[in-house]
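Peer 1: I'll drop the sequence and a predicted model, then ask my questions.
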Amino acid sequence: MTSQNIDNAQVEQVTVRSQGQTRLVPGNKYRPFPSIELPERQWPSRSITTAPTWCSVDLRDGNQALPTPMSVEEKLRMFDLLVKVGFKEIEIGFPSASQIEYDFIRRLVDENRVPDDVTVQVITQSREDLIRRTFESIRGLKKVIVHLYNSTSPAQRRLVFGLDKAGIVDIATRGTKLIKELVATVPETEITLQYSPESFALTEIDFSLEICEAVVDIWQPTPTNKIILNLPETVQIATPNVYADQIEWFCRHMRDRNSAIISLHTHNDRGTGVATTELGLMAGATRVEGTLFGNGERTGNVDIVVVALNMHMQGLDSHLDFSDLDSIRVVYEECTRMQVPMRQPYAGELVFTAFSGSHQDAIQKGMAAWEESEGGIWDVPYLPIDPKDIGRSYEAIIRINSQSGKGGVAYIMETEYGFHLPKPMRVEFGKVINVLADASGEELPPQKIYEAFMHEYIDRNGPFVLEEFHTEKVSGEVECRAHVSVNGAMHELQARGNGPIDAFVRALNEAQLANFSLLSYTEHSLKHGSDAQAIAYIQIEATSNETNTTSAFFGAAIETNIEMASIKSVISALNRSQVAGA
Ligand SMILES: CC(=O)SCCNC(=O)CCNC(=O)[C@H](O)C(C)(C)COP(=O)(O)OP(=O)(O)OC[C@H]1O[C@@H](n2cnc3c(N)ncnc32)[C@H](O)[C@@H]1OP(=O)(O)O
Ligand SMILES: CC(C)C(=O)C(=O)O
């Protein structure tokens with residue numbers, strides 16, 4: 001790859017007219033990013049097998065991108081959160097940037113808030129006054145990574161620094177020399193140097209190597225006292241494979257590879273921060289800088305929550321704890337004043353929710369199979385991880401609107417209210433809910449679905465009303481006596497059958513109050529304990545007196561006495577058949 005000069009380029013954008021519309025095409029305003037010459041690249045056939053060292057840059061790169069940067073108190077709260085999540089390296093700020101940044105670091109020192117197993121990192125430009133101020137800020141800390149950066153890309157060399165390559169190398173090496181000198185001023189502190197050739201991904205790869213090796217030559221790292229070479233994709237300008245090639249090329253060509261930790265720092269301008277980081281790990285890096293939920297400059301830094309949970313879903317221990325992601329999100333939103341979008345991977349409110357019928361059906365079947373497997377391999381369609389792993393409940397997995405189907409409605413009735421609707425009844429009740437959802441045009445919360453069930457099946461009070469019901473055993477059969485009013489007219493019924501339901505069905509038919517037969521019957525208890533109730537579901541086939549056609553109807557009833565629930569479910573089904581005109 002060579003540097004390109006656009007100064008004199010003749011830029012032409014082209015306007016295209018097609019089918020009555022005008023469209024701007026880029027013409028030669030932009031250039032494709034050149035690829036890296038890397039014969040027999042290895043990364044495409046590798047996979048990620050261990051967690052990298054994670055470094056949170058929430059308190060630096062995240063903070064510097066906020067409209068209102070965090071206060072000292074907010075930074076302290078965020079720091080405690082990052083420690084709790086399990087970060088062992090945390091970039092705590094840019095101490096020479098502002099008094100708040102400086103004071104925050106002093107609070108960490110004065111209040112002894114940095115755990116022994118956590119190393120803090122501070123960033124500085126390669127300018128003498130800023131480096132000296134940085135060293136003043138870290139006095140009293142046990143372990144510190146001093147992070148020196150300067151930008152190296154052709155555009156930044158030309159536009160920001162007005163320097164050639166040698167001048168840019170000189171900025172880096174002068175800074176390194178000064179840091180080396182200042183180590184003696186903090187004897188109680190173990191210093192690691194991190195050097196970032198900022199805009200690495202946009203820099204000629206051989207120049208990136210040259211400047212890093214110039215820094216290495218001064219710092220003199222060893223395999224037991226390594227330097228961190230952080231190779232940032234400061235601005236994302238190419239597909240993720242290009243960054244992976246750059247990382248693998250760098251790892252292959254650098255001298256003394258064992259004395260350096262190769263670190264990734266990616267942004268998300270093209271929306272591929274996670275992919276770029278994952279390929280960078282496959283290409284040989286062992287450390288990742290990023291932020292919670294991807295806060296950071298412009299479109300953000302890479303979202304470490306996603307990279308870590310992507311590992312989790314492959315069965316890898318990420319060493320970070322996101323088992324209560326909602327609480328982490330609350331602290332993040334309060335400290336940064338940013339919001340996690342509803343579709344954010346893992347953390348978004350809607351990412352484990354299905355509204356659509358076919359997804360709900362598959363999820364319901366998958367969940368049932370997984371529960372039966374008692375801890376088997378997670379293989380639930382449409383749910384890449386178990387929401388419970390990150391502290392989410394199963395309640396929101398299925399939500400109902402007009403796109404939903406019977407499976408989803410049955411899932412809500414079962415998980416929220418303990419009603420195991422018989423399979424054919426799901427079809428019938430699913431249609432009831434679909435009509436309601438269509439009419440409202442909105443989501444139907446579980447309470448509304450429950451109310452619709454009660455209204456449709458349980459709370460019907462006519463035209464049939466059961467006033468009295470008794471049974472007794474007579475010569476091996478059950479004899480029932482009942483008082484049933486129909487549209488207010490009272491009828492006394494009596495019949496025998498092989499059980500109470502059979503006797504009651506016969507009594508109604510013999511008295512010519514209805515013309516129907518029993519198709520199916522199920523029951524189950526609803527609650528346990530002294531106020532235990534049972535629900536009975538019955539399906540009848542009713543014949544219309546007018547048209548002599550038959551139709552099937554479900555009825556349901558809830559009672560403490562299961563016999564009474566079954567008899568009332570017959571009445572419920574009859575009442576529904578009357579409304580439908582059977
Ligand atoms: C990609 C990244 O995220 S890098 C981190 C960026 N973060 C921040 O900038 C947040 C904190 N920064 C600040 O508070 C301020 O920018 C400070 C305190 C660091 C510096 O402030 P100032 O000197 O007032 O201003 P400013 O940042 O504009 O300085 C630009 C000068 O620094 C030079 N410069 C920029 N980066 C570097 C560097 N890494 N090393 C040495 N010099 C640098 C520029 O060439 C420019 O020089 P010039 O004045 O001769 O043209
Ligand atoms: C200083 C570097 C690492 C940086 O923040 C970037 O390149 O985005």
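Peer 2: Good, I have the coordinates. Ligands and ions are numbered 1, 2, ... in the order given.
Peer 1: from here on, contacts and neighbour counts on C-alpha atoms
Peer 2: Fine.
Peer 1: got the contact list for stretch 35-49?
Peer 2: Contact with stretch 35-49 is made by 1, 242, 244-246, 248-249, 278-279, 281-284, 311, 316, as judged by C-alpha atoms under 8 Å, 6 or more residues apart in numbering.
Peer 1: now do the strands in the stretch 101-250 of the chain.
Peer 2: 119-125, 143-151, 190-198, 227-233 (DSSP state E, counting those that start in this stretch).
Peer 1: dump the ones you listed to CSV, plus distance to residue 348.
Peer 2: Shown next, in CSV, are the strands of the stretch 101-250 of the chain (distance: least, C-alpha to C-alpha, whole Å):
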stretch, distance to residue 348
strand 119-125, 29
strand 143-151, 33
strand 190-198, 31
strand 227-233, 26
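Peer 1: adding mean neighbour count and mean pLDDT, write those out as CSV.
Peer 2: Formatted as CSV, the strands of the stretch 101-250 of the chain follow (neighbours: other C-alpha atoms under 10 Å; pLDDT from 0 to 100):
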stretch, mean neighbour count, mean pLDDT
strand 119-125, 23, 98
strand 143-151, 22, 98
strand 190-198, 23, 98
strand 227-233, 24, 98
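Peer 1: nearest spatial neighbour of the closest residue to ligand 2 within the stretch 51-200 of the chain, chain-adjacent residues omitted?
Peer 2: Closest contact between the stretch 51-200 of the chain and ligand 2, by C-alpha to the nearest ligand atom, is at residue 198 (4.6 Å). Once flanking residues are discounted, residue 198 sits nearest to residue 151: 4.2 Å by C-alpha to C-alpha, 6 or more residues apart in numbering.
Peer 1: looking at it, that neighbour is touching residue 162, isn't it?
Peer 2: No. If you go by C-alpha atoms under 8 Å, residue 151 and residue 162 don't touch, sitting 11.8 Å apart.
Peer 1: report pLDDT for the most centrally placed residue in the chain.
Peer 2: Here the mean C-alpha position of the chain is nearest to the C-alpha of residue 346 (C-alpha atoms, centre = their mean), at a distance of 1.0 Å. Looking at residue 346, its pLDDT is 98.
Peer 1: next one: it from residue 329, what distance?
Peer 2: Going from residue 346 to residue 329 by C-alpha to C-alpha, to the nearest Å gives 11 Å.
Peer 1: again with residue 247
Peer 2: Taking C-alpha to C-alpha, one finds residue 247 at 32 Å from residue 329.
Peer 1: residues contacting stretch 144-156, please?
Peer 2: 3-4, 119-126, 138, 157, 168, 171-172, 175-176, 189-200, 202-204, 208.
Peer 1: which SSE is the residue in the stretch 451-582 of the chain that ligand 2 sits nearest to in?
Peer 2: The minimum distance from the stretch 451-582 of the chain to ligand 2, using C-alpha to the nearest ligand atom, falls at residue 451 (53.9 Å). Applying DSSP states H and E as the criterion places residue 451 in helix 446-453.
Peer 1: now do the buried residues in the first helix or strand past that helix going along the chain.
Peer 2: Helices and strands here follow DSSP H and E; after helix 446-453, the next one along the chain is strand 464-474. For strand 464-474, the neighbour count (16 or more other C-alpha atoms under 10 Å) marks 464-466, 469, 471 as buried.
Peer 1: make JSON lines out of the residues you listed and add distance to residue 78.
Peer 2: JSON lines is the format used below for the buried residues of strand 464-474 (distance: C-alpha to C-alpha, whole Å):
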{"residue": "464", "distance to residue 78": "65"}
{"residue": "465", "distance to residue 78": "64"}
{"residue": "466", "distance to residue 78": "64"}
{"residue": "469", "distance to residue 78": "67"}
{"residue": "471", "distance to residue 78": "70"}
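Peer 1: what is the most widely separated pair among those?
Peer 2: 464 and 471 (19.4 Å; C-alpha to C-alpha).
Peer 1: who's the residue in the stretch 251-400 of the chain positioned nearest to ligand 2 bridged to?
Peer 2: Proximity of the stretch 251-400 of the chain to ligand 2 (C-alpha to the nearest ligand atom) peaks at residue 265, 6.1 Å away. Legend: beta-bridge partners of residue 265 under DSSP bridges are residue 232, residue 289.
Peer 1: helices or strands next to the lowest-mean-pLDDT helix or strand in the chain in the packing?
Peer 2: Every helix and strand of the chain was ranked by mean pLDDT, DSSP states H and E. The lowest is strand 14-18, at a mean of 74. When contacts are defined as 3 or more C-alpha pairs under 8 Å, 6 or more residues apart in numbering; DSSP states H and E, strand 14-18 packs onto strand 21-25.
Peer 1: residues contacting the strand it packs on, please?
Peer 2: Contacts of strand 21-25 (C-alpha under 8 Å, 6+ apart): 13-17.
Peer 1: let's have these in TSV, adding neighbour count and distance to residue 403.
Peer 2: Formatted as TSV, the contacts of strand 21-25 follow (neighbours: other C-alpha atoms under 10 Å; distance: C-alpha to C-alpha, whole Å):
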residue	neighbour count	distance to residue 403
13	13	44
14	13	43
15	12	41
16	10	39
17	10	39
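Peer 1: now, the most widely separated pair of those?
Peer 2: 13 and 17 (13.3 Å).
Peer 1: rewinding a little: what pairs with the least confident helix or strand of the chain, and is each one parallel or antiparallel?
Peer 2: strand 21-25 (antiparallel).
Peer 1: tell me the helix or strand right after the partner strand.
Peer 2: Strand 21-25 is succeeded, C-terminally, by strand 53-56 (DSSP H and E).
Peer 1: helices and strands around that next one, which ones?
Peer 2: strand 89-93, strand 287-290.
Peer 1: what average pLDDT does the helix or strand just after that strand get?
Peer 2: Next in sequence after strand 53-56, counting helices and strands by DSSP H and E, comes helix 63-64. Mean per-residue pLDDT for helix 63-64: 98.
Peer 1: check which residues of stretch 313-328 are buried.
Peer 2: 318-322, 325-326, 328.
Peer 1: ligand 2 contacts on the stretch 201-350 of the chain?
Peer 2: 232, 234 (C-alpha under 6 Å from any ligand atom).
Peer 1: identify the residues contacting the residue in the stretch 201-350 of the chain positioned nearest to ligand 1.
Peer 2: Among the residues of the stretch 201-350 of the chain, residue 234 lies closest to ligand 1, at 5.9 Å counting by C-alpha to the nearest ligand atom. By C-alpha under 8 Å, 6+ apart, the contact set of residue 234 is 198-201, 265-267.
Peer 1: need these in a markdown table (columns: distance to residue 350).
Peer 2: Converted to a markdown table, the contacts of residue 234 look like this (distance: C-alpha to C-alpha, whole Å):
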| residue | distance to residue 350 |
| --- | --- |
| 198 | 36 |
| 199 | 35 |
| 200 | 36 |
| 201 | 34 |
| 265 | 28 |
| 266 | 26 |
| 267 | 24 |
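Peer 1: cool, thanks, signing off.
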